[in-house]
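[1] Need the 3D shape of this:
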Amino acid sequence: MAQEERFATRDRSYSAWHRRESTRRFVGLEQAQSLAMIDIDASLFVEYDDGTKEPIALIETAMDRGQDIKPATVTKNLARRCSPEIRAYIVLYKVSQSDNPADPTAKDIDGFRVRRIWPEPETPWKTMTPSEWAHILVKIRNWSVGPLDGTIG
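    Residues are numbered from 1 along each chain as shown. Take a look at the predicted model:
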């Protein structure tokens, strides 16, 4: 049975926030340029290594409306079927009243709630600022890319 769309439009805030001109506010331009991702359906994002195009993490996003649960079974199962280096996360984001300074056609993000769903799923949400989540993305990239390029065991 097909699922009905719950909201009439797709929010672009996370996509705009993730672009290098936006994330450079938090991690600097060099690291922001390394944060490559592609959206699969405007709510599932694939973090990847920009040089090799190897996938690094799956991130299912949704606007934070105060919900306790965000089902992401397909995303979790996709990560499980990938290599052990692929991590999967659910990221809920609070849309700001302010425009994103790097893309005034989209709202900025005030904060995140994040849970890893694969491997070793986490149950409590971790609340993060945009700067904290950007730095976590850099850490995920450094941890994941190492095995691909041979620099990190």
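[2] Name the secondary structure element that contains K107.
    Using DSSP states H and E, K107 maps to strand 103-118.
[3] In its sheet, which strands sit next to that strand, and in what direction?
    Taking DSSP bridges as the criterion, strand 103-118 forms sheet pairs with strand 87-100 (antiparallel), strand 126-128 (antiparallel).
[4] residues contacting the most centrally placed residue in the chain?
    Centrality entry for the chain: nearest residue to the mean C-alpha point is I59, 4.5 Å, by CA atoms, centre = their mean. Taking CB atoms under 8 Å, 6 or more residues apart in numbering as the contact definition, I59 lies against M37, L44, F45, V46, E47, A88, Y89, I90, V91. For the C-beta atoms, the positions are set from N, CA and C on the backbone; glycine is no exception.
[5] how close does W118 sit to T52?
    21 Å (CB to CB, to the nearest Å).
[6] what's in contact with stretch 96-106?
    12-13, 15-17, 19, 21-22, 24-25, 107-110.
[7] now swap in stretch 136-145 and tell me
    23, 27, 31, 34-35, 47, 49, 54, 56-57, 85-87, 114, 128, 151-152.
[8] I'd like to know which of these are buried.
    When those are checked for burial by 16 or more other CB atoms under 10 Å, the buried set is 23, 27, 31, 34-35, 47, 49, 54, 56-57, 85-87, 114, 128.
[9] now, the most widely separated pair of the residues you listed?
    E54 and M128 (25.2 Å; CB to CB).
[10] can you give me the offset of stretch 122-139 from its chain's centre?
    9 Å (CA atoms, centre = their mean, to the nearest Å).
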